[in-house]
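**Student:** below are the sequence and a predicted model for it; my questions follow.
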Amino acid sequence: MPPSCSRCVSPRVINLETARKLGTATGALAGSLKGAYVALYTPGRLPASSAHFPLSRVAVAVIAAASSGIAGAAAGHQMVQHLFPPGEGSPWLCLGCGHAFRVLD
């Protein structure tokens, strides 16, 4: 059970380790989707004679998704990392007042 906030005694707190993992995963997913979409998107129409999807674009999309996923994961990690309070113990963030604190386990 999560502890209550040490400042406002609110029971609405989130574990910052969980938030960091979620931010990293979400950033990687969003970056991968954006990279693949940008690599596959071409303005205009495909020629009518081309009935097959060009496989070279798939390779470019995979590379773009991988590199964008890494950048997205780094961005998601940095978004949460600055919230961590200094010290040891489990980091928590109060959703009521925004106070970050640590609890020794």
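**Tutor:** Nice, thanks for sending it over. Numbers count the residues shown, from 1 in each chain.
**Student:** dump the residue contacts of Cys97.
**Tutor:** Cys5, Arg7, Cys8, Ser10 (Cβ atoms under 8 Å, 6 or more residues apart in numbering). Glycine gets a C-beta too; all of them are placed from N, C-alpha and C.
**Student:** could you work out the most separated pair of those residues?
**Tutor:** Across these, no pair lies farther apart than Arg7 and Ser10, at 8.4 Å, counting by Cβ to Cβ.
**Student:** quick one: contacts of stretch 11-27?
**Tutor:** In contact with stretch 11-27 (Cβ under 8 Å, 6+ apart) are residues 2-5, 72-77, 79-81, 83-84, 90-96, 100.
**Student:** can we see that at 10 Å?
**Tutor:** Identification of contacts with stretch 11-27 by Cβ atoms under 10 Å, 6 or more residues apart in numbering yields 1-6, 68-81, 83-85, 90-97, 99-103.
**Student:** so where's this protein uncertain?
**Tutor:** 42-55 (pLDDT under 70).
**Student:** which parts of it are helices?
**Tutor:** Remark: helices assigned in the chain by DSSP state H are 16-40, 55-81.
**Student:** any chance of the ones you listed in CSV, with mean neighbour count too?
**Tutor:** Below are the helices of the chain laid out as CSV (neighbours: other Cβ atoms under 10 Å):
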stretch, mean neighbour count
helix 16-40, 17
helix 55-81, 16
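**Student:** ok, and the closest non-adjacent residue to the most centrally placed residue in the chain?
**Tutor:** Compute the mean C-alpha point of the chain, and by Cα atoms, centre = their mean the closest residue is Gly27, 2.4 Å away. In this structure, Gly27 finds its nearest non-sequential neighbour in Gly76, 2.5 Å apart by Cβ to Cβ, 6 or more residues apart in numbering.
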